[in-house]
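Engineer: just need the structure, nothing else, for what follows:
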Amino acid sequence: MGDLSSRYSSKSIKSGIIAPTVMDKQRFSLTGKLEKNEGLFAFLLILPALLLVMGLYVYPIGYSFVVSFFRSDIRYPGVVFRGLGNYIDIFKRPDLLISFWRTIYFTVVSIALEMVAGIAIAVAFNKRFVGRPIARSIVLIPWAIPPVVNGIIWNWLVHPKIGVLNYVLTSLRIIDRYKPWLADPRWALNIIIVADAWKWTPLVVLLILAGLQSIPDDLYEAAKIDGAGSVKTFFRITLPVIQWPILVTLLLRTVEAIRIFDIIFIMTRGGPANRTKLTTYYVWEIAFKFHRLGFGSALAYLITLLIVVFAVLYYKSINKQVEY
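Structural biologist: Predicted structure coming up:
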């Protein structure tokens, strides 16, 4: 018995010693492989985030693209393959074609207002004056306001009965009575453009001001000695230096302006008489209100194509500036 117990205990000790050694070898071999293969190690680190992105972004994008070739309509049972039928039907609807031109009008006018006002404010803030840090902080407030809140604020500002805009204009005798601005087809979209420009101009100021900070003061001093005025200094020194920030800002704002939806939904719901229905609003209405997912997806991808066209044009312009 003593011999058996001694043998058993020796085997247990031996097995207890051997098992951790094998696990250690396996662990060290795996660590060594990861150290040798940096690409595999990096892939394992980003794998959780990659799976999350694929689940939340890649899969919905791929699914909606596939659905755009089918008739997915709550009014008809089943799903029928239509090929390019949904895309062709878009060009048969005059209201959708008008919405494309209305979207381009909104994008061009709003970005023009934002760029002109943003560059002017950035140039002013680039100069030293008392209270400049406070002024820079205050000008960023509209940008920090959520788009939905921005729409609510402007609804109150242009309210037909208690709006500040009507009060100021009647006090200055510009108009003789209060006007329902958002109910007027001639003014509704332009009011939304002003509201959108008010929110996003601070972003333009921030990006352009960052570009202005890279211009050394020696250039302005040399121009002043040479007798150059403010206008000549701006076009000869300031504008050439900030061309790259301007192009980047144009790219960012164009993408956002084409995709505009929230402020329209809050302020007018597409009215009056569909005058503020941009293409993105039609996408929401067709896909989620009328449940025509196939047709709505096709319209959404046409908007994506429009964004890609603008992005490619801006990207080529940026590359030319970098090469220059």
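Engineer: give me the neighbour count for V130.
Structural biologist: By other CB atoms under 10 Å, the residues close to V130 number 6. Using the backbone N, CA and C atoms, a C-beta is placed for each residue, glycine as well.
Engineer: what's near enough to touch it?
Structural biologist: Going by CB atoms under 8 Å, 6 or more residues apart in numbering, V130 touches no other residue.
Engineer: just the one 10 residues further on next, same as before
Structural biologist: Neighbour list for L140: P202, V205, L206 [criterion: CB under 8 Å, 6+ apart].
Engineer: can you pick the most crowded of the residues you listed?
Structural biologist: In the contacts of L140, the most neighbours by other CB under 10 Å go to V205, 25 neighbours.
Engineer: using CSV, list the CA coordinates for stretch 163-172.
Structural biologist: Presented in CSV, the C-alpha positions along stretch 163-172 are these (Å, rounded to 0.1, in the frame of the first residue of the first chain):
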residue,chain,number,x,y,z
GLY,A,163,-42.3,86.1,-34.3
VAL,A,164,-39.3,88.4,-33.7
LEU,A,165,-38.7,88.7,-37.4
ASN,A,166,-42.2,90.2,-38.0
TYR,A,167,-41.8,92.6,-35.1
VAL,A,168,-38.4,93.9,-36.3
LEU,A,169,-39.5,94.3,-39.9
THR,A,170,-42.8,96.1,-39.0
SER,A,171,-40.9,98.3,-36.5
LEU,A,172,-38.5,99.3,-39.3
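Engineer: report the contact partners of R259.
Structural biologist: If you count contacts by CB under 8 Å, 6+ apart, then R259 has T280, I303, I307 around it.
Engineer: tell me the one among the residues you listed nearest to R128.
Structural biologist: I307 (39.5 Å; CB to CB).
Engineer: count the neighbours of the closest one for me.
Structural biologist: 16.
Engineer: that one and N126, how far apart?
Structural biologist: To N126, I307 is 31 Å away according to CB to CB, to the nearest Å.
Engineer: how about the closest residue to I145 other than its chain neighbours, secondary structure?
Structural biologist: Once flanking residues are discounted, I145 sits nearest to K199: 6.7 Å by CB to CB, 6 or more residues apart in numbering. What DSSP: H, G, I helix; E, B strand; the rest coil gives for K199 is helix.
Engineer: G270 and T279 touch, don't they?
Structural biologist: No: G270 is beyond contact range of T279, at 11.4 Å (criterion: CB atoms under 8 Å).
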